[in-house]
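Novice: return atomic coordinates for the entry below.
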Amino acid sequence: MKIVVFGASEMGCLIATEFFEDHDITIIDKEENKTDALNKLDISFVPGNGSNINTLKAANIDDADVFIACTTFDEANIVSCLTVSRLSRAKTVCFVSKPEYIESLNLVKNTQYEMIDVVIWPEELLTQEIFRIITVPDAVDVENFASGKARLLEYRIKEESSLLNKKIKDCKFRDETLVVAVTRDEDLFIPDGETEFKLNDKVIFMGSSTSLDILAREIFQSQSKVKTAAIIGGGSVGLMLAQNLEKINIKTKIIEQDYKRCEDLTEVLKNTLVLYGDGTNMELLMQEDIGESDVVISVTNNDEKNLLCSLLTKQMGAKKVITRVSKSANISLFEKVGIDVAISPKEASITEIRNNFINTDAEILATVERGQGRIIETLVPDNFKEISLMDLKLPAKAIIAIIQRGHNVIIPKGMTKLRPKDLLLVFTLEENSEKIIEFFRG
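Specialist: Alright, predicted model coming up:
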């Protein structure tokens, strides 16, 4: 696939780094913006402006499959995407950072004036991901499938976990609950019955929504839903998150250190307590009982401040801490020092691009752990001979986690038989995904 990226920004560099090994990447930007990191990649670089027709032609936009505009200037991104839509059949992806542009572009969505395929607002994607995690206590990742009948949950093994140092075969998981992957020291692998859960492992379960709800209650101590939340940072993410929490009646406090912004927040938020102050102020945190919150979310624009706020509230007793990380490289560091969930808006954007544009094959339904694991959706062909899972010889290691048969959702066992026209959700590693897809294509 040929991908043209306008903008040698941090986002542009991240996109190039993520996809250059499997795709033809061309970056457009001023020569002075070309970084050492980009020089180390096997990509093409075209100096110039992505809104300029001659520059776009020099980047061979006629042959491009995807055009991604991710400079730090919304206007430049919008204009370049509009220009490309006139010159090429490439799908256009436009990054924006201002809410007013989102509103304006949404007005022309699905109309004759729509010329940009997808608009990505990283802060909105981040908000959606945080909200999903909040609604499932203790989980570090959540995905829903089969119209909500099936689910993926990811949990971290902590010192108090009943699963610590146990082998999978010795764990009494309920029916319709499968362990499909484990991430250990940042490497994801598919386990077997002999795999032993270690401290700080991140374990991915798939199964019916009901069985995973029971798993949450019985093993991961989620006896009740989140009732109280504290948000540090009243920017776009803080505001959108508070609005979402109000809708599900979670009692919320938000701390913002800009007084004018506090006034703006109070006009929009009707059931949220807006506090003027600094999220690193211990006196304020203690006075407002922030450590008593079920979840604390630190979403300022400064990684160091988010880390400090999170560690302070964690020390004060907050049950769960979710932290925004602007620099993707900091995610693993934050988690190593005790942050429950560290999430990057840039990583959320990469996942959106990967799932919806780079993985153009409809079989790739979702990715996890920064692309290391993939969930494949595939239809069993009509000429497929009925066979039980235990007798199925797959070309690579994978787990058939969910079978949709008509209106029924089946979490299979070894004796479960696959039938023609079954719709399967299969978990496998990124490097094995094509083999699994081809196997079911026949």
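Novice: sketch out the strands for the stretch 51-200 of the chain, chain order is fine.
Specialist: Using DSSP state E, counting those that start in this stretch, the strands of the stretch 51-200 of the chain run over 66-69, 91-95, 118-120, 141-145, 150-156, 177-184, 187-189.
Novice: and what of the stretch 201-350 of the chain?
Specialist: 202-208, 228-232, 251-256, 272-276, 295-298, 321-324, 341-343.
Novice: how about the closest residue in space to Ala146 that isn't next to it in sequence, secondary structure?
Specialist: Excluding the flanking residues, the one nearest Ala146 by C-beta to C-beta, 6 or more residues apart in numbering is Val409, at 4.9 Å. C-beta here means a position set from N, CA and C on the backbone, and glycine is covered the same way. Under DSSP: H, G, I helix; E, B strand; the rest coil, the three-state class of Val409 is strand.
Novice: Val409: what's it in contact with?
Specialist: 146, 149-150, 208, 402-403 (C-beta atoms under 8 Å, 6 or more residues apart in numbering).
Novice: do Ala401 as well
Specialist: Contact partners of Ala401, counting by C-beta under 8 Å, 6+ apart, are 150, 178, 180, 206-207, 375, 411-412, 425-427.
Novice: ok, now with 6 Å
Specialist: Ala401 makes contacts with 178, 180, 206, 425, 427, as judged by C-beta atoms under 6 Å, 6 or more residues apart in numbering.
Novice: cool, and Val84?
Specialist: Here Val84 is in contact with 67, 92 (C-beta under 6 Å, 6+ apart).
Novice: and it, how far is that from Ala76?
Specialist: 12 Å (C-beta to C-beta, to the nearest Å).
Novice: with Ile364 instead?
Specialist: In this view, Ile364 and Ala76 are 31 Å apart by C-beta to C-beta.
Novice: of all the strands of the stretch 51-200 of the chain, which one comes closest to Leu312?
Specialist: Shortest separation from Leu312 across these is recorded for strand 150-156, at 20.6 Å, computed as C-beta to C-beta.
Novice: what angle separates the closest one from strand 141-145?
Specialist: Here the directions of strand 150-156 and strand 141-145 differ by 170 degrees (axes from the mean of the first three to the mean of the last three C-alpha atoms, to 10 degrees).
Novice: now strand 150-156: average pLDDT?
Specialist: If you average the pLDDT over strand 150-156, you get 92.
Novice: which secondary structure elements does it contact?
Specialist: strand 141-145, strand 202-208, helix 209-218 (3 or more C-beta pairs under 6 Å, 6 or more residues apart in numbering; DSSP states H and E).
Novice: from the chain's centre, how far out does the second one sit?
Specialist: Right, the one you point to is strand 202-208. 16 Å (C-alpha atoms, centre = their mean, to the nearest Å).
Novice: within its sheet, name the partner strands of it and how each one runs.
Specialist: Strand 202-208 sits in its sheet next to strand 150-156 (antiparallel), strand 177-184 (antiparallel), going by DSSP bridges.
Novice: now do the last one against helix 209-218, angle only.
Specialist: Strand 177-184 and helix 209-218 are oriented at 60 degrees to each other (the same axes, to 10 degrees).
Novice: just how off-centre is strand 177-184 within its chain?
Specialist: 17 Å.
Novice: contacts for that strand?
Specialist: 168, 188, 190-191, 201-207, 211, 215, 369, 373, 399, 401, 427.
Novice: re the thing from before, most tightly surrounded among the strands of the stretch 201-350 of the chain?
Specialist: strand 295-298 (a mean of 30; mean count of other C-beta atoms under 10 Å).
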